[in-house]
Structure formats: C-alpha cells, structure tokens
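Participant: Take a look and give me a structure for this.
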Amino acid sequence: MLSVTFLLLGMLFTARGTGAQLVTQPDGHINVSEGNHVELRCNYSYGGSIYLFWYVQYPNQGLQFLLKYLPGPTWVKGIKGFEADFKKDENSFHLMKASAHWSDSAKYFCALCDTVPESAGGAEQKPSQTL
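Facilitator: Next up, the predicted model:
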C-alpha cells in the first residue's frame, strides 16, 4: 500500500490589521496509508469575525484553493473530497478526507483573514489575465 505525505504550513492574510491573529498547524508532516482517513489540523487565535481557508500546493505547481469558511454552516465541503469542520469554541478548522489517495501528496496551507473584500471570494486564487 502506498504512503501519502501531507506537509502542513500556515498562512495569515491581514486586510486591515485590526488585531492580533495567529494560525497554527500543529502537525508539520503527516504520512498516512492510501485509502485511510486523514485529518489536517488548523488552530487559530482571533477574537473577531473571521474567514478561514484551506489551500493546497502540489509539487511544481502554484497554490490552489480547496475551500473556505464563511459565517454560517460549520461543516464545509470543498473540492477533491476534502471537507473541513469549523469549531469556534475550540478555535479550530480541521481539514479532512475520508480516503487519502497518492495524488493528495502535497503541501497544505490553512489561512485566516479578518475581512474579505466584497463577496467573500476575495481570497480565492484568480487566474491571471493578459490585456
């Protein structure tokens, strides 16, 4: 059975600098067997309204948006079978996948932002355009 490697790195977006914010991913490196459940932990410290994001970076590629939490439902479904659970009382936003696949081997980034411009899609990656 193949091993799937997850490297975890945290990011922080500060739009207005309204307070101290911190994002931590306590598991720096995770190996799981292909087909097993995987959970990537993300903890944050911030007292105001926040928006949380998960991104992935596959080898030799740029960051790709996986999912985001906006105030509302605490269970968020993303792409490629990933889901995340927002728990305000635990200050956590853990990313999960029921069955890891070898193609999931990548770097994963949890991000926090205290404001999101316009429609809350501002932290999503936009393709570059040539004029």
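Participant: Now Ser99: closest residue in space that isn't a chain neighbour?
Facilitator: Nearest residue to Ser99, sequence neighbours excluded (CB to CB, 6 or more residues apart in numbering): Gly35, at 5.3 Å. Glycine gets a C-beta too; all of them are placed from N, C-alpha and C.
Participant: next one: Gly81
Facilitator: In this structure, Gly81 finds its nearest non-sequential neighbour in Lys97, 5.2 Å apart by CB to CB, 6+ apart.
Participant: I'd say the one you found and Glu34 touch.
Facilitator: No. In this structure, Lys97 is not within contact of Glu34 by CB atoms under 8 Å, at 11.4 Å.
Participant: Grab the nearest non-local neighbour of Lys77.
Facilitator: Among residues not flanking Lys77 along the chain, Glu83 sits closest, at 5.2 Å (CB to CB, 6+ apart).
Participant: doesn't Thr74 make contact with the one you found?
Facilitator: No. Using CB under 8 Å, Glu83 is not in contact with Thr74; the gap is 11.0 Å.
Participant: which regions of the protein sit below the pLDDT cut-off?
Facilitator: By pLDDT under 70, the low-scoring segments of the chain are 1-21, 115-131.
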